[in-house]
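Visitor: sequence unknown, structure follows:
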């Protein structure tokens, strides 16, 4: 590990001793500061909120924007606690688990499990919780700074998922793992590259949607579960939620399957709306006018 990355690791360990309420308070302040700056992130978030909550008047949408930016700040700051404190200490922050029986049943079936984890709540904590239940592989794209990978391996420790690169070999590895009854995790709302997705409704708007997850489900017969770690108010901890996927997520018709995938994501988001990563340009596509211009 490079010296600068190791120093960053030591800083994380130090800051990880702070109470979660303090860490979230810092994140709340960060979110307010970003909102005040009114940069690109805030403008893109405002566009998304206008698209998915058109029924709100200007004042209510501004209030919602403020809530979303505060939660975004907490999402960034809580990594100090989740990474810096170590996996087991972070798992001590889980106060409730809803839907664990769904996962236990799916694992016991031996048919493979696909965890669809949207950009919602604290996904790093969700990874820890899932990896304590079962070994898991996740599809990922390497960080732009290669040295960050060594930091992530260090902070995640023994409860780190196997990381599978988002390329042809990686996808084949996922099929193989599911065929032997294993578990894989995928970000279902990751916007696919041009030519690699289908348009499907998301909060009433057409969004380019990945086809990989529905194809995995259809070809392997694996159980699909949606999951996220919901942030509780006032630094009280987290609530793990697992939800069944719509049955049509494995439909042979990709348009139907992708619509079901987005419905599953939307059902999760509605449970913790402000904790979703609304700055993501989900409604942009290379071959259509962008609402973010």
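Guide: Here it is on my side, so go on. In this text, all values refer to a predicted model and were calculated from it rather than measured experimentally.

Visitor: the stretch 51-200 of the chain: helices as residue ranges?
Guide: Using DSSP state H, counting those that start in this stretch, the helices found in the stretch 51-200 of the chain span residues 58-84, 87-91, 100-109, 123-133, 147-156, 168-179.

Visitor: other SSEs contacting the longest one?
Guide: With contacts defined as 3 or more Cβ pairs under 8 Å, 6 or more residues apart in numbering; DSSP states H and E, helix 58-84 has these neighbours: helix 3-15, helix 20-37, helix 40-52, helix 123-133, helix 147-156, strand 223-231. For glycine as for every other residue, the C-beta is placed from the backbone atoms N, C-alpha and C.

Visitor: so which of these is nearest residue 100?
Guide: Proximity to residue 100 (Cβ to Cβ) singles out helix 123-133 among these, at 8.3 Å.

Visitor: ok, and what's touching the closest one?
Guide: The contact list for helix 123-133, computed with Cβ atoms under 8 Å, 6 or more residues apart in numbering, reads 79, 82-83, 87, 90-91, 93-94, 97, 103, 107, 115, 117, 136, 138, 156, 159-161, 183, 185, 227-229, 238, 240.

Visitor: what mean pLDDT does it have?
Guide: For helix 123-133, mean pLDDT rounds to 94.

Visitor: just want the angle from that helix to helix 100-109.
Guide: Per axes from the mean of the first three to the mean of the last three Cα atoms, to 10 degrees, the angle that helix 123-133 makes with helix 100-109 is 50 degrees.

Visitor: how far is helix 123-133 from where the chain is centred?
Guide: 12 Å (Cα atoms, centre = their mean, to the nearest Å).

Visitor: ok, now stretch 267-276?
Guide: 11 Å.

Visitor: end-to-end on it?
Guide: 12 Å (Cα to Cα, to the nearest Å).

Visitor: now stretch 89-100
Guide: Stretch 89-100: ends 20 Å apart by Cα to Cα.

Visitor: what's the answer for stretch 87-97, then?
Guide: Stretch 87-97 end-to-end distance (Cα to Cα) = 17 Å.

Visitor: state the mean pLDDT of that stretch.
Guide: 94.

Visitor: just stretch 278-293 next, same as before
Guide: 88.

Visitor: also stretch 250-259?
Guide: 97.

Visitor: what about residue 252, how many residues nearby?
Guide: Per other Cβ atoms under 10 Å, the neighbour tally for residue 252 reads 8.

Visitor: please name the nearest non-neighbouring residue to it.
Guide: residue 218 (6.4 Å; Cβ to Cβ, 6 or more residues apart in numbering).

Visitor: mind telling me what element that neighbour is part of?
Guide: helix 212-220 (DSSP states H and E).

Visitor: other SSEs contacting that helix?
Guide: Short answer (3+ Cβ pairs under 8 Å, 6+ apart): helix 212-220 packs on strand 113-116, helix 168-179, strand 183-186, helix 254-271.

Visitor: mean neighbour count and distance to residue 234 for those - can I get that in JSON lines?
Guide: Below are the helices and strands packed on helix 212-220 laid out as JSON lines (neighbours: other Cβ atoms under 10 Å; distance: least, Cβ to Cβ, whole Å):
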{"stretch": "strand 113-116", "mean neighbour count": "25", "distance to residue 234": "28"}
{"stretch": "helix 168-179", "mean neighbour count": "16", "distance to residue 234": "39"}
{"stretch": "strand 183-186", "mean neighbour count": "24", "distance to residue 234": "29"}
{"stretch": "helix 254-271", "mean neighbour count": "20", "distance to residue 234": "18"}
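
Visitor: low-confidence stretches in the stretch 51-200 of the chain?
Guide: Applying pLDDT under 70 to the stretch 51-200 of the chain flags residues 142-151, 194.

Visitor: one more pass at 90, please.
Guide: Residues of the stretch 51-200 of the chain meeting the criterion pLDDT under 90: 82-88, 139-171, 190-196.
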